[in-house]
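**Student:** Build me a model:
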Amino acid sequence: MRFTLSMLFVLVATAAHAGETPAPPETSALPAQKSACTNPDALGVARTVEIDTTGGPGFGMDHYKAYDFLQDKEVVLTFDDGPQAKTTHAILDALDAECTKALFFSLGKMALGLPEIIRDVAQRGHTVGTHTWSHQDLRKKSEQDAEDEIEKGVSAVRRAVGGPVAPFFRYPYLRDSQATLAYLGSRNIAMFSTDVDSFDFKRQSPEKLVETTMKKVEKRGKGIILMHDIQPTTAKALPALLTTLKKGGYKVVHIKAKDAVKTLAEYDALIEKDVKGLPAAGSERPMSSVVRTVP
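**Tutor:** Presented below is the predicted three-dimensional model:
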(Lines give C-alpha, C1' and ligand atoms only; values in the text may rest on other atoms or scores of the structure.)
Protein backbone atom coordinates (compact mmCIF):
# COMPACT_ATOMS: atom_id res chain seq x y z
CA MET A 1 0.00 0.00 0.00
CA ARG A 2 1.45 3.36 -1.05
CA PHE A 3 0.92 6.58 0.86
CA THR A 4 1.09 10.23 -0.18
CA LEU A 5 2.40 13.06 1.89
CA SER A 6 -1.07 14.58 2.01
CA MET A 7 -2.17 11.60 4.09
CA LEU A 8 0.00 12.52 7.04
CA PHE A 9 1.35 15.41 9.04
CA VAL A 10 3.72 14.61 11.84
CA LEU A 11 3.58 17.64 14.05
CA VAL A 12 6.46 18.06 16.43
CA ALA A 13 5.24 19.46 19.74
CA THR A 14 7.36 21.58 22.02
CA ALA A 15 10.32 19.47 23.05
CA ALA A 16 9.91 18.10 26.54
CA HIS A 17 12.77 18.37 28.98
CA ALA A 18 14.03 15.15 30.54
CA GLY A 19 11.82 14.29 33.46
CA GLU A 20 8.83 16.30 32.22
CA THR A 21 5.40 14.66 31.91
CA PRO A 22 3.38 15.34 28.72
CA ALA A 23 -0.14 16.78 28.90
CA PRO A 24 -2.93 14.40 29.97
CA PRO A 25 -5.31 12.70 27.53
CA GLU A 26 -8.01 15.02 26.23
CA THR A 27 -10.91 13.45 28.08
CA SER A 28 -12.87 14.21 31.22
CA ALA A 29 -13.70 10.51 31.60
CA LEU A 30 -10.24 9.69 32.93
CA PRO A 31 -8.80 10.75 36.30
CA ALA A 32 -6.21 13.50 36.36
CA GLN A 33 -2.66 12.34 35.80
CA LYS A 34 -0.10 12.25 38.54
CA SER A 35 2.17 15.23 39.11
CA ALA A 36 5.27 15.82 37.04
CA CYS A 37 8.26 13.59 37.66
CA THR A 38 10.86 14.92 40.07
CA ASN A 39 13.76 12.68 39.02
CA PRO A 40 16.41 15.08 37.65
CA ASP A 41 18.35 12.26 35.98
CA ALA A 42 15.36 10.59 34.31
CA LEU A 43 15.34 9.41 30.71
CA GLY A 44 12.24 11.52 30.17
CA VAL A 45 10.64 12.39 26.84
CA ALA A 46 12.76 14.22 24.28
CA ARG A 47 9.84 15.27 22.11
CA THR A 48 6.22 14.47 21.41
CA VAL A 49 4.90 13.96 17.89
CA GLU A 50 1.28 14.16 16.82
CA ILE A 51 0.12 12.01 13.92
CA ASP A 52 -2.71 12.76 11.52
CA THR A 53 -3.96 9.28 10.66
CA THR A 54 -6.05 10.31 7.64
CA GLY A 55 -5.87 7.56 5.02
CA GLY A 56 -4.17 5.04 7.32
CA PRO A 57 -0.43 5.77 7.12
CA GLY A 58 2.03 3.07 8.17
CA PHE A 59 5.06 3.37 10.45
CA GLY A 60 7.98 1.07 11.20
CA MET A 61 10.67 0.39 8.63
CA ASP A 62 10.31 -3.39 8.84
CA HIS A 63 7.10 -3.09 6.80
CA TYR A 64 6.14 0.53 6.05
CA LYS A 65 8.93 2.71 4.75
CA ALA A 66 7.15 5.94 3.82
CA TYR A 67 7.53 7.91 7.05
CA ASP A 68 10.91 7.70 8.75
CA PHE A 69 10.23 10.47 11.25
CA LEU A 70 12.70 9.45 13.96
CA GLN A 71 16.01 11.24 14.23
CA ASP A 72 19.28 9.54 15.09
CA LYS A 73 19.29 8.09 18.64
CA GLU A 74 15.51 8.41 19.01
CA VAL A 75 13.33 5.47 20.03
CA VAL A 76 9.62 4.80 20.52
CA LEU A 77 8.71 2.31 23.26
CA THR A 78 5.75 0.08 22.38
CA PHE A 79 4.04 -2.77 24.23
CA ASP A 80 1.58 -5.32 22.83
CA ASP A 81 -1.02 -7.82 24.08
CA GLY A 82 -1.94 -6.33 27.47
CA PRO A 83 -3.13 -5.36 29.88
CA GLN A 84 -2.08 -8.02 32.36
CA ALA A 85 -2.02 -8.04 36.14
CA LYS A 86 1.42 -7.50 37.75
CA THR A 87 3.43 -7.23 34.52
CA THR A 88 1.65 -4.17 33.12
CA HIS A 89 1.79 -2.44 36.49
CA ALA A 90 5.51 -3.23 36.82
CA ILE A 91 6.13 -1.80 33.35
CA LEU A 92 4.14 1.34 34.17
CA ASP A 93 6.15 1.80 37.36
CA ALA A 94 9.43 1.41 35.48
CA LEU A 95 8.33 4.01 32.92
CA ASP A 96 7.23 6.35 35.71
CA ALA A 97 10.59 6.00 37.45
CA GLU A 98 12.27 7.30 34.28
CA CYS A 99 9.53 9.87 33.59
CA THR A 100 9.02 8.49 30.12
CA LYS A 101 6.06 7.46 27.96
CA ALA A 102 5.12 4.57 25.71
CA LEU A 103 2.53 3.36 23.21
CA PHE A 104 0.40 0.37 24.27
CA PHE A 105 -1.42 -1.80 21.73
CA SER A 106 -4.13 -3.48 23.79
CA LEU A 107 -6.21 -6.54 22.95
CA GLY A 108 -9.95 -6.03 23.28
CA LYS A 109 -10.49 -9.14 25.38
CA MET A 110 -7.67 -8.26 27.74
CA ALA A 111 -8.84 -4.66 28.12
CA LEU A 112 -12.41 -5.66 28.99
CA GLY A 113 -11.13 -8.26 31.43
CA LEU A 114 -8.86 -5.81 33.26
CA PRO A 115 -10.33 -2.35 32.61
CA GLU A 116 -8.79 -0.81 35.72
CA ILE A 117 -5.31 -1.59 34.38
CA ILE A 118 -5.82 -0.19 30.89
CA ARG A 119 -7.36 2.90 32.50
CA ASP A 120 -4.23 3.22 34.61
CA VAL A 121 -2.17 3.11 31.40
CA ALA A 122 -4.17 6.03 30.01
CA GLN A 123 -4.20 7.91 33.32
CA ARG A 124 -0.42 7.83 33.49
CA GLY A 125 -0.24 9.64 30.16
CA HIS A 126 0.63 6.81 27.81
CA THR A 127 -0.98 6.41 24.40
CA VAL A 128 -3.41 3.51 23.97
CA GLY A 129 -3.94 1.89 20.58
CA THR A 130 -5.48 -1.44 19.58
CA HIS A 131 -4.30 -4.92 18.56
CA THR A 132 -7.54 -6.71 17.48
CA TRP A 133 -10.09 -8.41 19.71
CA SER A 134 -8.33 -11.75 20.28
CA HIS A 135 -4.93 -11.76 18.54
CA GLN A 136 -5.96 -13.64 15.39
CA ASP A 137 -3.76 -13.84 12.30
CA LEU A 138 -5.80 -11.59 10.00
CA ARG A 139 -4.19 -13.02 6.86
CA LYS A 140 -5.94 -16.30 7.62
CA LYS A 141 -9.35 -14.69 8.09
CA SER A 142 -12.04 -13.75 5.62
CA GLU A 143 -12.39 -10.02 4.99
CA GLN A 144 -15.48 -9.85 7.20
CA ASP A 145 -13.92 -11.83 10.03
CA ALA A 146 -10.81 -9.66 9.88
CA GLU A 147 -12.89 -6.49 10.03
CA ASP A 148 -14.81 -7.93 12.99
CA GLU A 149 -11.54 -8.62 14.83
CA ILE A 150 -10.34 -5.07 14.20
CA GLU A 151 -13.59 -3.34 15.12
CA LYS A 152 -14.39 -5.42 18.19
CA GLY A 153 -10.91 -4.61 19.44
CA VAL A 154 -11.42 -0.89 18.89
CA SER A 155 -14.83 -0.84 20.60
CA ALA A 156 -13.65 -3.00 23.51
CA VAL A 157 -10.51 -0.98 24.27
CA ARG A 158 -12.44 2.30 24.01
CA ARG A 159 -15.11 0.86 26.31
CA ALA A 160 -12.56 -0.37 28.86
CA VAL A 161 -10.56 2.86 28.90
CA GLY A 162 -13.74 4.88 29.38
CA GLY A 163 -12.41 7.63 27.15
CA PRO A 164 -10.80 8.29 23.76
CA VAL A 165 -8.12 5.98 22.40
CA ALA A 166 -5.77 6.56 19.49
CA PRO A 167 -6.51 5.38 15.93
CA PHE A 168 -3.27 3.37 16.08
CA PHE A 169 -3.22 -0.34 15.23
CA ARG A 170 -0.65 -3.11 15.23
CA TYR A 171 -1.25 -6.40 13.43
CA PRO A 172 -0.95 -9.60 15.45
CA TYR A 173 2.22 -11.39 14.30
CA LEU A 174 2.90 -8.23 12.21
CA ARG A 175 0.98 -9.93 9.36
CA ASP A 176 -1.06 -7.53 7.24
CA SER A 177 -3.01 -8.07 4.02
CA GLN A 178 -4.04 -5.85 1.14
CA ALA A 179 -7.70 -6.08 2.16
CA THR A 180 -7.10 -5.08 5.79
CA LEU A 181 -4.66 -2.35 4.81
CA ALA A 182 -7.34 -0.85 2.60
CA TYR A 183 -9.94 -1.22 5.34
CA LEU A 184 -7.80 0.48 7.98
CA GLY A 185 -7.09 3.25 5.48
CA SER A 186 -10.82 3.78 4.99
CA ARG A 187 -11.20 4.03 8.78
CA ASN A 188 -8.30 6.51 9.12
CA ILE A 189 -6.43 4.15 11.43
CA ALA A 190 -2.61 4.21 11.31
CA MET A 191 -0.63 0.97 11.26
CA PHE A 192 2.49 0.38 13.32
CA SER A 193 5.13 -2.18 12.49
CA THR A 194 8.60 -2.15 14.11
CA ASP A 195 12.21 -1.22 13.63
CA VAL A 196 13.47 -3.33 16.55
CA ASP A 197 11.72 -6.52 17.64
CA SER A 198 12.86 -7.55 21.11
CA PHE A 199 11.50 -11.12 20.71
CA ASP A 200 10.78 -10.90 24.41
CA PHE A 201 8.33 -13.80 24.16
CA LYS A 202 11.29 -16.17 23.75
CA ARG A 203 12.71 -17.78 26.86
CA GLN A 204 15.66 -15.74 28.10
CA SER A 205 16.95 -13.93 31.15
CA PRO A 206 16.22 -10.22 31.70
CA GLU A 207 19.93 -9.51 31.22
CA LYS A 208 19.97 -11.32 27.89
CA LEU A 209 16.85 -9.47 26.75
CA VAL A 210 18.51 -6.12 27.46
CA GLU A 211 21.68 -7.21 25.67
CA THR A 212 20.02 -8.50 22.50
CA THR A 213 17.58 -5.59 22.28
CA MET A 214 20.33 -3.00 22.66
CA LYS A 215 22.43 -4.67 19.96
CA LYS A 216 19.53 -4.26 17.55
CA VAL A 217 18.93 -0.66 18.63
CA GLU A 218 22.61 0.18 18.17
CA LYS A 219 22.66 -1.43 14.74
CA ARG A 220 19.68 0.64 13.60
CA GLY A 221 20.70 3.75 15.52
CA LYS A 222 17.05 4.53 16.32
CA GLY A 223 13.64 2.95 15.97
CA ILE A 224 10.25 1.75 17.14
CA ILE A 225 10.90 -1.00 19.71
CA LEU A 226 8.39 -3.84 20.04
CA MET A 227 7.88 -5.42 23.46
CA HIS A 228 4.98 -7.11 25.30
CA ASP A 229 3.56 -5.97 28.63
CA ILE A 230 2.29 -9.50 29.35
CA GLN A 231 5.81 -10.92 29.57
CA PRO A 232 7.33 -11.27 33.08
CA THR A 233 10.85 -11.13 31.66
CA THR A 234 10.08 -7.81 30.00
CA ALA A 235 8.72 -6.39 33.23
CA LYS A 236 11.90 -7.43 35.03
CA ALA A 237 14.20 -6.20 32.26
CA LEU A 238 12.63 -2.82 31.56
CA PRO A 239 14.34 -0.79 34.33
CA ALA A 240 17.75 -1.94 33.10
CA LEU A 241 16.79 -1.42 29.45
CA LEU A 242 15.71 2.17 30.14
CA THR A 243 18.93 2.82 32.07
CA THR A 244 21.00 1.38 29.22
CA LEU A 245 19.16 3.50 26.65
CA LYS A 246 19.83 6.59 28.77
CA LYS A 247 23.52 5.77 29.18
CA GLY A 248 23.78 5.23 25.42
CA GLY A 249 22.43 8.70 24.70
CA TYR A 250 19.10 7.51 23.31
CA LYS A 251 16.01 9.71 23.57
CA VAL A 252 12.37 8.66 23.83
CA VAL A 253 9.76 10.05 21.47
CA HIS A 254 6.15 9.98 22.66
CA ILE A 255 3.54 9.46 19.94
CA LYS A 256 0.02 10.87 20.12
CA ALA A 257 -2.83 11.04 17.63
CA LYS A 258 -4.36 14.21 16.22
CA ASP A 259 -7.84 12.73 16.67
CA ALA A 260 -9.34 9.84 18.63
CA VAL A 261 -10.55 6.71 16.87
CA LYS A 262 -14.27 6.62 16.13
CA THR A 263 -15.94 3.36 17.07
CA LEU A 264 -18.81 1.85 15.10
CA ALA A 265 -22.16 1.57 16.87
CA GLU A 266 -22.82 -2.03 15.80
CA TYR A 267 -19.56 -3.18 17.41
CA ASP A 268 -20.12 -1.05 20.49
CA ALA A 269 -23.35 -3.00 20.97
CA LEU A 270 -21.76 -6.33 20.07
CA ILE A 271 -19.06 -6.22 22.74
CA GLU A 272 -21.51 -5.41 25.55
CA LYS A 273 -22.19 -9.12 26.05
CA ASP A 274 -18.49 -9.55 26.83
CA VAL A 275 -18.37 -6.77 29.40
CA LYS A 276 -17.95 -8.13 32.91
CA GLY A 277 -18.09 -5.91 35.96
CA LEU A 278 -18.35 -2.60 34.11
CA PRO A 279 -21.40 -0.35 34.42
CA ALA A 280 -23.48 0.38 31.34
CA ALA A 281 -21.69 2.54 28.79
CA GLY A 282 -21.79 6.19 29.76
CA SER A 283 -22.44 5.56 33.45
CA GLU A 284 -18.92 4.81 34.69
CA ARG A 285 -17.89 6.35 38.01
CA PRO A 286 -14.31 6.63 39.21
CA MET A 287 -13.33 3.84 41.60
CA SER A 288 -12.71 6.38 44.38
CA SER A 289 -16.41 7.26 44.37
CA VAL A 290 -17.46 3.61 44.56
CA VAL A 291 -14.87 2.03 46.88
CA ARG A 292 -12.85 3.72 49.60
CA THR A 293 -10.77 2.72 52.60
CA VAL A 294 -12.31 3.84 55.88
CA PRO A 295 -10.63 4.27 59.30
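**Student:** Give me the pLDDT for residue 65.
**Tutor:** Per-residue confidence at residue 65 stands at 88 (pLDDT).
**Student:** Okay, strands next: where are they in the chain?
**Tutor:** Secondary structure of the chain (DSSP state E): strands at 10-12, 47-51, 58-59, 74-80, 103-106, 127-130, 168-169, 190-192, 196-197, 223-228, 251-257.
**Student:** and of those, who's closest to residue 148?
**Tutor:** For the strands of the chain, the distance to residue 148 is smallest for strand 127-130, at 13.2 Å, taking CB to CB. (Each C-beta comes from the backbone N, C-alpha and C, glycine too.)
**Student:** Return the list of helices and strands in contact with the closest one.
**Tutor:** When contacts are defined as 3 or more CB pairs under 8 Å, 6 or more residues apart in numbering; DSSP states H and E, strand 127-130 packs onto strand 103-106, helix 115-123, helix 143-161, strand 168-169, strand 251-257.
**Student:** one more time with 10 Å, if that's ok
**Tutor:** Strand 127-130 sits against strand 74-80, strand 103-106, helix 108-113, helix 115-123, helix 143-161, strand 168-169, strand 190-192, strand 251-257, with contacts defined as 3 or more CB pairs under 10 Å, 6 or more residues apart in numbering; DSSP states H and E.
**Student:** Let me have those in TSV, extended by mean pLDDT and mean neighbour count.
**Tutor:** Listed next are those as TSV, based on pLDDT from 0 to 100; neighbours: other CB atoms under 10 Å:
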stretch	mean pLDDT	mean neighbour count
strand 74-80	98	25
strand 103-106	98	27
helix 108-113	96	24
helix 115-123	97	22
helix 143-161	98	23
strand 168-169	98	25
strand 190-192	98	26
strand 251-257	98	23
